[in-house]
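Engineer: Got a predicted model here, sequence first, then my questions.
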Amino acid sequence: MTGTTRRTVQRRNFLKALTAGAVVTPFGLSLASCAAGGSGPSEGGGGGGATGAVTDTNPFGVAADSTVEAIIFDGGYGTDYASFAANLLQENQDGVTVDVTGSTQIAQQMQPRFVGGNPPDLLDNSGANAIGISTIAAQLEDLQEVIDAVNTEGTPIADTLYPNVLGVGQFDGRLVAINYVLTVYALWYSQTLFDANGWTAPQTWDDALALGAAAQEQGKYLFTWGREAASYFLTMALDSAIKEGGDEVRLQMANLQADAWSGEAITGVLAAMEQVVANGYMRPGGAGTQFTQAQAQWSQAQEALLYPSGSWIENEMADATADDFQMTGAPAPTVTADAALPYAAINNTPNEPFAVPSQGANAAGGKEMLRVMLSPETATEFARTKLASTIVAGTIPEDAFGSTALAAQVSMLEAAGTDTFNYNFVATYGMTADVNVLWNSFLSGDSDAAALAEGMQALFDRIREDDSVEKVEVS
Amino acid sequence: MAGAVAAGRRRRGASSSTPSPAPSRPGARGRRLSFDRVSLMVVFLGLPFAFYVVMVLYPFTQATYYSVTAWTGFSPEQPFVGLDNYVRLAGDAQFLNSLGNSLTLLVVVPAVTLVLSFALACVLTFGGSTAGAVRGLRGTAFYRVVSFFPYVVPAIVIGIIWSQVYNPSNGLLNGLLVGVGLDGFTDFAWLGQASTAMAATIAVIVWAFVGFYMVLFVAAIQNIDPELFEAARLDGAGRVRTALSIALPGIAGSVRTAYVYMGILALDAFVYMQALNPTGGPESSTLVVTQQVFTTAFAQGQFGIACAMGVVLAVVTLVFVGLVFGVARLLGVRGGARA
């Protein structure tokens, strides 16, 4: 081997190592860099794009012949409801065209556009890849203007909404997102199955334990769960604790307070749930089961009686629900009979946050699109085709378009009246992944109530004490 | 282009008397910038290098810069924070856990895959009958094709198939185990128990690659002079001894290359992890750095920290590659040409 060839080989090895290392692994690295794009304009201020004359039928002054770009999360609700609204808008406003684009990768696709200063005019920031909204809140328009405007029939929009549906879109006193779909969180079950066995939905955790025993006699379980959706049980536990201890519990949780997980209300709920697990009322294997399969164990195979979820569940499981499964919802159980809030109280956190970026080319158009979506015509169309309610009240007829689940939602909302509450901190701080880890262990029986509370508190503490995370003060 | 090729051909003809494969004779190493020399450099050196700079070095540098900022990823502001992100990562239990998991994969996945591949390759090339010529098992061609199948299937599909196999209630694996009377595996959540999730995941990655590397090693072993195998057998070497003393040294270069590739794949593992353990596994036991990078960047809007994680991973990768080459050098492994 001569000196020359040795050197060549070394150099080649070095280059090879460098290339291999650089090209293949730092997946996230190149991912992040590709997305950086240009540096964009510094600060737009109050709403981008040219505007036209403000009139009664054009309250935000959408410029004639302009284009509105709407990015809609293409998930359980699809995008056709947005296209429906787009058509109405195009009829109402002179020469305005609306481009509706579906997306399931909201954060990935929108990230370079926010950085580059050319975000869309309307964004449905939803789904598993939604942007943590606190990171873009400062770049979004205050939508109070839309709520204060009149709808297409001339009624002020504020007067047409269900109570307490705007709070989750508030950041620092500004309404940066309007959550369009009213989600009622409940315990879902088959009325048919319950009637056949003479069961009723549990009103307290003691009732739940009794129901679990009855289910066990028939070889069924009380609950089932899936690994990605273990956090639904967090929602149920929080709902239960808030009803037990009142609004104070909600504030402690939503503001990630230092002693949030040692309060009497939440400890009581967790103790009861620990009992459910210990008695074998959870269908085993959930931590290794994909969530839609777990849900089918409830809706198709009927191996479990109850499933805690949002009201999207009917639509989500439409193809995997047994015949004659009259899906009905009941409020979360309370710990004791004399809880702070009545049993009928429900969590009605609306979902599908719609936001209008300030730097969009046609912010007025984005707001106008929202105004049309909040019109009775579009809202009713949404309820009819999606069998789910928007935040606009009174759009669902007596027969609820033949959906027992939708009818149950309406009756739960009516029974609750103003005893509704909501919170959104899990999504706000992107906590779902960490929450799922803790709850999967708890529901499997691998940890207990004390370990769960400790883990949740540690998670809260970590986020609260992290200065780089923008906090949202909830009141 | 055509002119350059023709000229090259002419020159090779002219210097056919020298053994050197270099395009020009050693004596003619003067820096004469003839047209075909320049065009060759532009096409074969300049373009790839420019591509490399734009597609590899530039993003690499850019990400390294982001890693010292508190960029959220969604605004143009990139406040400089120095090494804060790295300090933070050093004390972040979740990140250290995912780094540990990535390193576990790095150690276990290549080792298991390559040992299995090598064993199978030996069986297929010289593990057959001891009578007559040295040959592999009967039906070798069939085994080669069958075991290559998984490699043809996209990673995401493999992940989805296996997440069904591992399904606790109606998956194939528990079905088989319960079927043979092991009732303890009823509803056993392979991917839902901290004690089994990582092993079950590693098994899938190994399954996906073992056939490919087997075929690679078969080809490499067939390059070894068959007389060596004949001689070893005449000297009384058994199959294991033949594998370790003849086949392994003979294909050391291929093994080293395979080790680097498998190691880099193990450090990534993103697709398999997202398909099998989208939540990071029970007790975060299968959470890997690439998943952490993804959620930190997109779900939590902390691109600066995500880039710092990426840089740490890149450094780990380079150290790993350096170690493999270094160890190979100490062991005197040659055969760089096969890499």
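Structural biologist: Structure's in. What do you need?
Engineer: Low-confidence stretches in the chain?
Structural biologist: In the absence of a named chain, this looks at chain A. Low-confidence segments of chain A (pLDDT under 70): A:1-47.
Engineer: ah, no, chain B please
Structural biologist: Applying pLDDT under 70 to chain B flags the ranges B:1-31, B:334-339.
Engineer: So which residues of chain B form strands?
Structural biologist: Counting by DSSP state E, one finds no strands in chain B.
Engineer: Next, count neighbours for residue 86.
Structural biologist: Just going to use chain A. 25 (other C-beta atoms under 10 Å in any protein chain shown). Where you see a C-beta, it was placed from the backbone N, CA and C, and this is true even at glycine.
Engineer: other chain: chain B
Structural biologist: Neighbours around B:Tyr86, by other C-beta under 10 Å: 16.
Engineer: Grab the nearest non-local neighbour of it.
Structural biologist: Nearest non-adjacent residue to B:Tyr86, counting by C-beta to C-beta, 6 or more residues apart in numbering or on different chains: B:Ala308, 5.5 Å away.
Engineer: Hmm, B:Leu89 and the one you found touching each other?
Structural biologist: Yes - here B:Ala308 reaches B:Leu89: they are 5.8 Å apart, a contact under C-beta atoms under 8 Å.
Engineer: If you count surrounding residues, which of those two has more?
Structural biologist: A direct count of neighbours by other C-beta under 10 Å for B:Ala308 and B:Leu89 places B:Ala308 higher, at 29 against 21.
Engineer: what does the stretch 201-350 of chain A put close to chain B?
Structural biologist: Residues of the stretch 201-350 of chain A lying close to chain B by C-beta under 8 Å from any C-beta of the partner chain are A:227-228, A:230, A:283-290, A:293, A:297.
Engineer: and these, which of them are in helices?
Structural biologist: Mapping these onto helices (DSSP state H) picks out A:293, A:297.
Engineer: which one of the residues of the stretch 201-350 of chain A next to chain B sits closest to A:Tyr189?
Structural biologist: Checking these against A:Tyr189 by C-beta to C-beta gives A:Gln297 as the nearest, at 13.5 Å.
Engineer: OK, contacts around that closest one?
Structural biologist: A:Gln297 sits next to A:224, A:283, A:289, A:303-304, B:169 when contact means C-beta atoms under 8 Å, 6 or more residues apart in numbering or on different chains.
Engineer: What's the PyMOL syntax to select whichever of those are buried?
Structural biologist: Remark: buried members of the contacts of A:Gln297, expressed as a PyMOL selection using 16 or more other C-beta atoms under 10 Å in any protein chain shown:
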select buried, (chain A and resi 224+283+289+303+304) or (chain B and resi 169)
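Engineer: which among the contacts of A:Gln297 gets closest to B:Val81?
Structural biologist: Within these, proximity to B:Val81 (C-beta to C-beta) peaks at A:Thr289, which comes in at 41.4 Å.
Engineer: and that closest one, how far is that from B:Leu96?
Structural biologist: Distance of A:Thr289 to B:Leu96, given as C-beta to C-beta, to the nearest Å: 29 Å.
Engineer: again with B:Gln291
Structural biologist: In this view, B:Gln291 and B:Leu96 are 14 Å apart by C-beta to C-beta.
Engineer: May I see the buried residues of whichever strand or helix holds A:Glu454?
Structural biologist: Element membership for A:Glu454, per DSSP states H and E: helix A:449-464. For helix A:449-464, burial by neighbour count (16+ other C-beta under 10 Å) applies to A:449, A:452-453, A:455-457, A:459-460, A:462-463.
Engineer: List the residues that contact the nearest residue to B:Thr242 once chain neighbours are set aside.
Structural biologist: With sequence-adjacent residues excluded and distances taken as C-beta to C-beta, 6+ apart, B:Thr242 is closest to B:Ala232, at 5.1 Å. Listed by C-beta under 8 Å, 6+ apart, the contact set of B:Ala232 reads B:241-242, B:245-246.
Engineer: any idea which of the contacts of A:Gln297 is closest to B:Gly280?
Structural biologist: Relative to B:Gly280, the closest of the contacts of A:Gln297 is A:Thr289; by C-beta to C-beta it sits at 15.8 Å.
Engineer: how close does the closest one sit to A:Glu217?
Structural biologist: A:Thr289 is 24 Å from A:Glu217, by C-beta to C-beta.
Engineer: and what of A:Ala287?
Structural biologist: Relative to A:Glu217, and taking C-beta to C-beta, A:Ala287 is found at 26 Å.
Engineer: Look at the two and report which has more neighbours.
Structural biologist: A:Ala287 (31 against 8).
Engineer: Identify the residues contacting the more buried one.
Structural biologist: If a contact means C-beta under 8 Å, 6+ apart, then A:Ala287 has A:227, A:230, A:440-441, A:443-444, B:189, B:191-193, B:282 as its contacts.
Engineer: Chain neighbours aside, what residue packs nearest to B:Val165?
Structural biologist: According to C-beta to C-beta, 6+ apart, the nearest residue to B:Val165 is B:Leu172 (4.7 Å).
Engineer: So what sits opposite the residue nearest the centre of chain A in the bridge?
Structural biologist: For chain A, the residue nearest the mean C-alpha position is A:Asn351 (4.7 Å; C-alpha atoms, centre = their mean). For A:Asn351, the beta-bridge partners are A:Val181 (DSSP bridges).
Engineer: State the distance from A:Lys220 to A:Gln300.
Structural biologist: Distance, A:Lys220 to A:Gln300, using C-beta to C-beta: 14 Å.
Engineer: Which one of the two is surrounded by more residues?
Structural biologist: Neighbours around A:Lys220 and A:Gln300, counted as other C-beta under 10 Å, are more numerous at A:Lys220. The numbers are 20 against 15.
Engineer: ok, now which ones touch that one?
Structural biologist: A:Lys220 sits next to A:302-305 when contact means C-beta under 8 Å, 6+ apart.
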